[in-house]
Every structure is written in structure tokens, then in C-alpha cells.
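1. just the structure for this:
(one chain, ligands or ions: 1)
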Amino acid sequence: MLDKEPQIIRDMFDRIASTYDLLNFVLSLSMDRRWRMMAVQGLAIKRDDVVLDIGTGTGNMALLALELSALRVHGIDLSRRMTGIARKKAKARGLDNKYAIYLADALHMPFGDASFDKAMVAFGIRNMRDINAFLMEANRVLKPGSLFSVLELSMPGGRVFRILYSLYFRYMLPRIGGLISGKMGAYTYLRDSVIKFPPPVKLVEMMETCGFRVLSTTPLFLGACHYYLLGKP
Ligand SMILES: C[S@@+](CC[C@H](N)C(=O)[O-])C[C@H]1O[C@@H](n2cnc3c(N)ncnc32)[C@H](O)[C@@H]1O
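-> From the prediction side, this is the model:
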């Protein structure tokens, strides 16, 4: 059983923050940027939209949303170091006045009901200690008729690719992660959290049970990642 208590997750992301963006690029063979773009574009952001970025991390999703014309992005995250990098990146691009960052737990967000036009979570839902509670909390803060993009790693479906990917994932990934970040434990956690995360069919069921309509599910890189577009009725 993986420990996903907030202080454990926060400390882990604080430790790997400085190499997070580089490792994302290396471990995803630079596909992460395309995947993120798809998830942000899926929201069809309009000029007056206020967007919530859950697990905002180093700001990659939030900055894309602002560059694609969101009026304002509210990012929420547990990690001071990850969001410190997000703040620096936003300032460097002159977007810091449109990007508010909150250090808080996504299971208890400091926002009123129906506060946001759109929301997104990229590579964050896997870290939530209670997925149902998280989905219900996201549902609470979204306006009726809004959209929610969820991007998350998964284990590929096809037999041959799954075997090859599992070998890479189990043995290579923690070593590469450890080598670059100096924190192998975080990348062992990454591996284990993906392996133990509910498969897409089960996750879709949970999303529907928690009040969302699943508008589309898109496997990426033969299922090593999935993009889910949800609507709040
Ligand atoms: C893998 S990173 C993803 C960051 C960013 N979304 C991206 O696309 O690069 C996951 C982020 O979610 C944050 N996080 C994990 N659990 C959280 C929680 N319960 N509440 C708020 N943030 C959380 C972590 O601190 C981390 O910054």
C-alpha cells in the first residue's frame, strides 16, 4: 500500500522539484508537451474563462492555458518548491498577474461551490489518497456545464508493448529518474503508483459515479497515458 498522505507527497515533490521538468521531458521522450497541449485544448478555453489547475506543479498546464487565452488560472498544489518554479516561469513570461497559486490539499480546496468555468489535472490524480473524494471535490468547485481535463499515466493495453513497457517501467525508469534527480525513491513511487492506479475502464466508472459525464477517453502512446475529457452536467 503506497502512502499518499499530504506531507509525504509534498516532501517527495519538494525533493525532486529542481529536476522535475527535465525528467518529464526525458522519461516521456518529450511527448509530455503534446499531451498537455491536447488536454488544455480539449477545454476550449474562452477569453473570460477562469480555470482551475489541480496539482499545478511547475506550472506547465497553467501557463499553456494562459497562453491559449484563459482570463485567469488558479493553481493548487501541496509543494512549495514545485510552485516556486511555477511562479518564476510565470514571472519570466509576464503572466504572474493572471496566475494565482494556493498551497492546499486538492481534497479540501479553498474555493466555493461552482467557482470555475474549466478545470484540469495533469499527472496529479494518481497521487490522490482517495480518488472518489477528489473527483467529488473537483465536481463541487466546477460550474454546471463546465469541462474538466484529466491526463494520467497508465499501463499500456497491447500484450507485446505492455511486456516491453513493463520492463522499461520496472527496471529502467527508477534508475534514470534516480540518476538525474538523485532521488530514486521518488521514481520507484512513480512506477508503483502507476502500476497500482485503477485502469482506465475502472477510472471512467469512478468519474461517472462522482457526477461527471465522460465525454471522451483517448489512449496516448499505445495506452501509456490516457486523456479523459469530462463534463459536469
Ligand atoms: C506529477 S506532478 C504534476 C504537475 C503538473 N500538473 C504537470 O503537469 O507537470 C503532481 C503534482 O500534484 C501535486 N499534488 C499531489 N497530491 C496533491 C494534493 N492532494 N493536493 C494538491 N496537490 C497535490 C504534487 O505536489 C505535484 O506538484
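2. can the longest helix along the chain be said to contact the ligand?
-> Among all segments of the chain classified by DSSP state H, the helix with the greatest residue count is helix 6-27. Yes. Applying Cβ under 6 Å from any ligand atom, one finds helix 6-27 touching the ligand at 6, 9, 10, 13. Just so you know, the C-beta spots here come from the backbone N, C-alpha and C atoms, and that holds for glycine as well.
3. helix or strand for residue 150, which one?
-> According to DSSP states H and E, residue 150 maps onto strand 142-153.
4. name the helices or strands packed onto that strand?
-> helix 32-41, strand 116-122, strand 225-231 (3 or more Cβ pairs under 8 Å, 6 or more residues apart in numbering; DSSP states H and E).
5. name the next helix or strand following that strand along the chain.
-> Counting by DSSP H and E, the next helix or strand C-terminal to strand 142-153 is helix 159-167.
6. for the record, mean pLDDT for that next one?
-> Here helix 159-167 scores 91 as its mean pLDDT.
7. go through that helix and flag the buried ones.
-> Within helix 159-167, the residues scored as buried using 16 or more other Cβ atoms under 10 Å are 162, 165.
8. same thing with stretch 223-233?
-> By neighbour count with 16+ other Cβ under 10 Å, stretch 223-233 contains the buried residues 223, 224, 225, 226, 227, 228, 229, 230, 232.
9. get me the contact residues on this protein for the ligand.
-> Proximity of the chain to the ligand (Cβ under 6 Å from any ligand atom) is limited to residues 6, 9-10, 13, 55-58, 60-61, 76-79, 82, 105-107, 122-124, 127-128.
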